[in-house]
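Colleague: Sharing a model prediction with you, sequence too.
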Amino acid sequence: MIVLYRIYQICFALPVLIVLTIITALVTAVGSVLFNGRWWGYYPPHIWAKAWCVLMFVRVRVSGRENINTGTSYVFVANHQGAYDIFSIYGYLDHNFKWMMKKSLRKIPFVGLACEKAGHIFVDNSSSAAVLHTFHGAEHTLKDGDSLVVFPEGSRTFTGKMGRFKRGAYQLSREFGLALVPVTIDGAFQVLPRTRFLPRYGTIKLTIHHPIPAPAPDADLQPVMKQTFEIINESLPQRFRS
């Protein structure tokens, strides 16, 4: 069965998805420049992400959508199990948002340009001035009423267990008064961990937890960082709990 699946992937699914990725990136970039980055920066990639799941036989099940409101802006914080975290959130969260991502991702052909034109936030930690510039970009994005999705670990796990959370998402939540929404991703590590090139068929479960009020302007961020970490961690299978 796995041999047939690999043949299907290499001979059909991957070529189709690579072409679709280039088309989606170009449509997103041009649409965002000419029209509305909020619409064009979300809906074409939303369809693209679902295609990556459907054509690779990856099912995504979502629970907890009733915990959030469509017209409300949030800072979503999620664990980062693998590359399919991106497809599952983009395709199935069903909430317009921008990514907070590493500056290095800007170098990906077509995709990096599309992300820039769509208004996603590239994080630059190279200096204090660069960090300030990142926050100014976030301010512009969040003032337009968008939500933000962040992987506070900063990179994909090697083991399936979560690493230490970084402060960036929580600083933005505090700065702009946006509630934090923990999101648990379970199954993406089995589908495509960072140590493998080709995905496996499988099921990914997204659990959207109840929003947590934004920290007060002068609040210490450590308690809410610990709280969101524990909420996400407790929803993972025992073998992946930190």
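Modeller: Nice, I can see it.
Colleague: Please identify the buried residues of stretch 170-189?
Modeller: Neighbour-count burial for stretch 170-189, counted by 16 or more other CB atoms under 10 Å, picks out 170-174, 176, 178-189. Using the backbone N, CA and C atoms, a C-beta is placed for each residue, glycine as well.
Colleague: The helix-or-strand element of the chain with minimal mean pLDDT: what's the following helix or strand?
Modeller: Each helix and strand of the chain was given a mean pLDDT (mean pLDDT, DSSP states H and E); the minimum falls on helix 128-143 at a mean of 68. Using DSSP states H and E, the helix or strand that follows helix 128-143 in sequence is strand 147-150.
Colleague: What average pLDDT does that next one get?
Modeller: Summarised as a single mean, pLDDT over strand 147-150 is 93.
Colleague: pLDDT weak spots in the protein?
Modeller: Within the chain, the ranges that satisfy pLDDT under 70 run 125-133, 137, 140, 143-144.
Colleague: so where do the strands sit in it?
Modeller: With DSSP state E, the ranges of strands along the chain come out as 58-63, 74-78, 97-102, 121-123, 147-150, 179-186, 202-208.
Colleague: how about the CA coordinates for the third one, as PDB?
Modeller: If I follow you right, that is strand 97-102. The C-alpha trace of strand 97-102 is given here as PDB (Å, rounded to 0.1, in the frame of the first residue of the first chain):
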ATOM      1  CA  PHE A  97      -5.200  35.800   9.900                       C
ATOM      2  CA  LYS A  98      -1.600  36.700   9.200                       C
ATOM      3  CA  TRP A  99       1.400  34.600  10.000                       C
ATOM      4  CA  MET A 100       4.300  35.700  12.200                       C
ATOM      5  CA  MET A 101       7.200  33.900  10.600                       C
ATOM      6  CA  LYS A 102      11.000  33.700  10.400                       C
END
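Colleague: Which neighbouring elements make contact with that strand?
Modeller: Other helices and strands packing on strand 97-102, by 3 or more CB pairs under 8 Å, 6 or more residues apart in numbering; DSSP states H and E, are helix 111-118, strand 121-123, strand 147-150, helix 168-176.
Colleague: Report all helices and strands that the third one contacts.
Modeller: Okay, so that is strand 147-150. Going by 3+ CB pairs under 8 Å, 6+ apart, strand 147-150 lies up against strand 74-78, strand 97-102, helix 128-143, helix 168-176.
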